[in-house]
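Colleague: give me coordinates for this.
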Amino acid sequence: MEEARKMGLEIEKGADKANISDEIFKHKCRHKLRQPTFLIHHPEGFQPLAKPLPNSNGKLANFQLYIAGWEIVNAFSELNDPVEQLKVFRKQEEMFKEGFEEAQRLDTDFIEALEHGMPPAAGFGMGIDRLCAVLTDFYSLRETILFPAMRKEQK
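Modeller: A predicted model of the protein is given here:
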């Protein structure tokens, strides 16, 4: 956390190493990723719903695709072990209580659903607005919004 503060970053109280390293990445590296780049196997804690890689020493089964400094895709294998997911949720709850507002909150209904048996699954999120911004060479997501009522009026 000290190194992040030396860089001028404000780190939320309660953030763990994974979230601190993500803030450093956003500040120092993300804007330099011009070519399509896949970032893989983030540290545990980065995505609370992601499954750890087997025998990985704390790495997740996930990836992000960056193009022109924009995160276009965020994808991961879902953690489907209810015991392990409950541990992750409890750690996230502790982080929330310490002041980290982005922490994943405990979801007992989700844990119960996992206990009934969740098959292997994966999550995949692609920002269409971000993809449009990259393809049209816009610098702001505001320029890609389809609904005029949400855009500032142009004169």
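
Colleague: what packs against the helix ranked longest in the chain?
Modeller: The helix that spans the most residues within the chain, counting by DSSP state H, is helix 82-97. When contacts are defined as 3 or more CB pairs under 8 Å, 6 or more residues apart in numbering; DSSP states H and E, helix 82-97 packs onto helix 108-115. In short, each C-beta sits where N, CA and C put it, glycine included.

Colleague: export the helix or strand immediately after the helix it packs on in the chain to PDB, keeping only CA atoms.
Modeller: Scanning forward in sequence from helix 108-115 by DSSP states H and E, the next helix or strand is strand 122-126. Presented in PDB, the C-alpha positions along strand 122-126 are these (Å, rounded to 0.1, in the frame of the first residue of the first chain):
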ATOM      1  CA  ALA A 122     -17.900 -19.400 -17.000                       C
ATOM      2  CA  GLY A 123     -18.700 -15.700 -17.000                       C
ATOM      3  CA  PHE A 124     -18.000 -13.500 -20.000                       C
ATOM      4  CA  GLY A 125     -18.600  -9.700 -20.100                       C
ATOM      5  CA  MET A 126     -17.900  -7.600 -23.200                       C
END
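
Colleague: I'd like the next helix or strand past the worst-scoring helix or strand of the chain on mean pLDDT.
Modeller: Lowest on mean pLDDT, DSSP states H and E among the helices and strands of the chain sits helix 2-6, with a mean of 85. On the C-terminal side of helix 2-6, the closest following helix or strand by DSSP H and E is helix 17-28.
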